[in-house]
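[1] Okay, here's the prediction I keep looking at, along with the sequence it came from:
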Amino acid sequence: MSSDTKVDATTAQPRSRASRIRWWMAVFCAVGLAINYIDRSAISVALPFMSEDLGITPAEQGLILSAFSWSYALMQIPAGRLIDRFGERIMFGASVLVWSLFTAGTALVHTFAALLTLRLGLGVGEAGAYPSAAKTVSRWFPKRERARATSVYDSGARIGSAVATPLIAFIIALWGWQAVFLIAGGIGILWAIGWWAIYRSPEAMGSVNPAEMAIVNADRGGAPASASTEKAMPLVELLKHRTVWGMMLGFFAVNFMVTFFLTWFPTYLVQDRGFDLLKLGAFGAIPPIAAIAGSWIGGLTGDFLLSKGWSVTKVRKTCLVGGMLGCSVIALAAVAPAAWQALTLMSISYAASSFTIVAIWCLPADVAPTGTVASLGATQNFFANIGSALSPIIIGALYGATGNFGLPLATAGGVAILGALAFGLIIKRVEPIVNSKAA
């Protein structure tokens, strides 16, 4: 019998079937994150063509690719605090609106300085996306469903990555690189309007029936998901817990590796593997498509293991460590003799990263008090995106020094192994952290 069907204890007959609005909320978040990744990935595909028009040097290209990650990382903690204070409805919509305006403005740039400024602005806007989605899941889903719900919204990011390369290449071929940013920005503005118009808390959503409300509040002792008035823990208090440090260091390693796919991957295919624009559009989408499957598998695996009686600690750490070891196979692509072999290894690596990221984004709701979920999610994402900011710079420097991507890929694989160690050894138990000042 479905978990969404309630049973009357006296008659053993099923009562009304639970509505499934919570899953539509997860899908809504997935669409927002798909737009997020299309917008942040657009520059990596368009930049070779933009550089010809704008006269951007290779060194300046590295700064452009890195700029987003710096502002994105720096705005994580402020964004998380704002989300916990004002709620995901206000802040997710505001986040998408801001980054969409900066995306659309990119079509108008004529100088390196203007492009750099807009990329920094894009990072400011996108900082609230993932913490808002994590907050939404914590509000709408019980623990037993959170891995699947997280995989739903995270797969939106993977879908965005998958469609970005062929879609952007297609638009550039038809209308030029400026059209890419105008179209992407316009879609984001429409999403923000829709989010504000539709999204509400479970208690305020009239289409949520009592059976579904019971599922939503299953881990809260029957209290409404929005009932908590608890203030977010201070950042200094969060940083006293080794679990938080394990989360941050492990996520740093994931993002270091994943950012290769969002920045230098098209250049790798063109320069090291000799792909033209047509091949880039067709084959460049393969690893992101594999990442979609990795995200779904991560969600199903996490909830399945919980249903089999595994502890939350065992489930999360198994997925985290196993996923990071899978990420490390990107290093083998450096010595793969054929392009299809390198793409296969990269697809495994990218799929493993999204498998890992599902477990990562379950952690804030697993360990943080209700009023601190977005803040903790943003804190781990802040540190992770230092890895994102450093990745294109380090990989670009290694590529420039060696003339190929062998050493950069080996470095990315080594960082992934260090991430597995961080998740496995620094995090002891996945359990609620306690505010020592409130104890």
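    Nice, I can see it. Numbering: from 1, shown residues only.
[2] where does the stretch 101-250 of the chain dip in pLDDT?
    220-232 (pLDDT under 70).
[3] Can you give me the buried ones in the helix or strand harbouring L398?
    Assignment of secondary structure by DSSP states H and E places L398 within helix 373-402. Counting neighbours by 16 or more other CB atoms under 10 Å, one finds that the buried residues in helix 373-402 are 373-392, 394-396, 398-399. To be clear about C-beta, it is placed using only N, CA and C from the backbone, and glycine gets the same treatment.
[4] How about stretch 401-415?
    Neighbour-count burial for stretch 401-415 flags 405-415 (criterion: 16+ other CB under 10 Å).
[5] Put together a markdown table for those residues, with pLDDT on each row.
    Compiled in a markdown table, these are given as follows (pLDDT from 0 to 100):
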| residue | pLDDT |
| --- | --- |
| F405 | 87 |
| G406 | 88 |
| L407 | 92 |
| P408 | 92 |
| L409 | 93 |
| A410 | 93 |
| T411 | 94 |
| A412 | 94 |
| G413 | 94 |
| G414 | 95 |
| V415 | 96 |
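[6] In helices only, show me those.
    Among the buried residues of stretch 401-415, DSSP state H puts 406-415 in helices.
[7] which of those sit farthest apart?
    G406 and V415 (15.4 Å; CB to CB).
[8] Over to L239: give its phi and psi.
    Per-residue torsions, L239: phi -70, psi 0 (degrees, to the nearest 10).
[9] how many other residues sit next to it?
    For L239, the count of nearby residues is 13 (other CB atoms under 10 Å).
[10] which residues in the stretch 151-300 of the chain form helices?
    Counting by DSSP state H, counting those that start in this stretch, the stretch 151-300 of the chain has helices at residues 177-198, 210-216, 235-238, 242-262, 265-271, 277-283, 286-307.
[11] Show me the longest helix that occurs in this protein.
    helix 21-54.
[12] between the helix or strand following it and helix 373-402, what angle do the directions make?
    Sequence order places helix 58-74 as the next helix or strand after helix 21-54, per DSSP H and E. Orientation of helix 58-74 against helix 373-402 (axes from the mean of the first three to the mean of the last three CA atoms, to 10 degrees) gives an angle of 160 degrees.
[13] Check which residues of helix 58-74 are buried.
    Judged by neighbour count using 16+ other CB under 10 Å, the buried positions of helix 58-74 are 60-74.
[14] I360 is in contact with Q380, correct?
    Yes: the pair Q380 / I360 is scored as a contact, 7.2 Å apart, by CB atoms under 8 Å.
[15] residues shared between the contacts of these two?
    With contacts taken as CB atoms under 8 Å, 6 or more residues apart in numbering, Q380 and I360 have 247, 251 as neighbours in common.
[16] Appreciated, that's everything.
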